[in-house]
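Enquirer: Dropping the sequence and predicted coords here.
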Amino acid sequence: MFYLYYNNISKNLVLTQEKHSERGFELLEANHTLESLVARSETYIRTYKCEIINECEEHVDKRYVVKIKKKNRKKRKLTEEVRRKISKGVSGDKNGRYGVLDSQTVRRAKSEKLKFYYKYHVHGKKNYKDSEETRKQKSINNNNRGGWFWIHNRTTGEEKRCYGEIPEGFRRGRLFNPF
């Protein structure tokens, strides 16, 4: 276990494997990996405006520290112009998958996944919303499943089952009569 302390007496950060219960040592963080503490210590260096003293015998893997920093950095959102350029750069012949036919098992798996998404209006992406046009298309697809359905004529009060096309003067659904 590794510990990161702030030494109030000498005004610096101390990275060590031993627990300090001495006066003047303030425990900031404890972690099992030395590299993650080194990455986090940069925040404390800026906050306390001090230096870090590494008292550990183990060697710090710089590549792993860089990997941790890259994983935690904030990602910028792309502008519309950049998105257009990327789209143009990977469309058509420039795309590695262009013209490649999938095997039957892959096609079947993709088809099943899409059927699930459209059946339950669920997406694999988080915080994703369909456009109004797509939602209308899904609604039409869900309503056109075949089989019979009820139609009604409000003027005559007639209700009946229908297969396929709805005749003129009729609307889809049943009449609402609470009595």
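Expert: All right, it came through fine.

Enquirer: Okay, helices next: where are they in this protein?
Expert: Using DSSP state H, the helices found in the chain span residues 34-48, 62-72, 80-89, 104-120, 132-143.

Enquirer: So which of those is the most surrounded?
Expert: helix 34-48 (a mean of 16; mean count of other C-beta atoms under 10 Å). Any C-beta I mention is one placed from the backbone N, CA and C, and that applies to glycine too.

Enquirer: My guess is Gly24 contacts Ile9. True?
Expert: Yes - because the distance of 4.2 Å satisfies C-beta atoms under 8 Å, Gly24 is recorded as touching Ile9.

Enquirer: Just put the helices of the chain in TSV and tack on mean pLDDT.
Expert: Formatted as TSV, the helices of the chain follow (pLDDT from 0 to 100):
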stretch	mean pLDDT
helix 34-48	86
helix 62-72	82
helix 80-89	92
helix 104-120	84
helix 132-143	80
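
Enquirer: Now tabulate the ones you listed in TSV and tack on distance to Glu159.
Expert: Below are the helices of the chain laid out as TSV (distance: least, C-beta to C-beta, whole Å):
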stretch	distance to Glu159
helix 34-48	69
helix 62-72	62
helix 80-89	51
helix 104-120	28
helix 132-143	18
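
Enquirer: Those: which one's closest to Gly169?
Expert: helix 132-143 (19.7 Å; C-beta to C-beta).

Enquirer: Check which residues of stretch 1-18 are buried.
Expert: 2-7, 13-15 (16 or more other C-beta atoms under 10 Å).

Enquirer: domains in this structure, as residue ranges please.
Expert: Here the domain parsing of the chain from automatic domain parsing is 2-72, 104-141, 146-179.

Enquirer: roughly how far is the last one from the heart of the chain?
Expert: Here domain 146-179 is found 43 Å from its chain centre; the criterion is C-alpha atoms, centre = their mean, to the nearest Å.

Enquirer: Buried residues of it, list them for me.
Expert: Judged by neighbour count using 16+ other C-beta under 10 Å, the buried positions of domain 146-179 are 149, 151-152, 170.

Enquirer: Would you mind measuring from the closest residue to Gly147 other than its chain neighbours to Trp148?
Expert: Leaving aside its chain neighbours, Gly147 sits nearest to Tyr163 (7.6 Å; criterion: C-beta to C-beta, 6 or more residues apart in numbering). Distance of Tyr163 to Trp148, given as C-beta to C-beta, to the nearest Å: 5 Å.

Enquirer: Spit out the residues that contact the two alike.
Expert: Common neighbours of Tyr163 and Trp148, counting by C-beta atoms under 8 Å, 6 or more residues apart in numbering, are absent.
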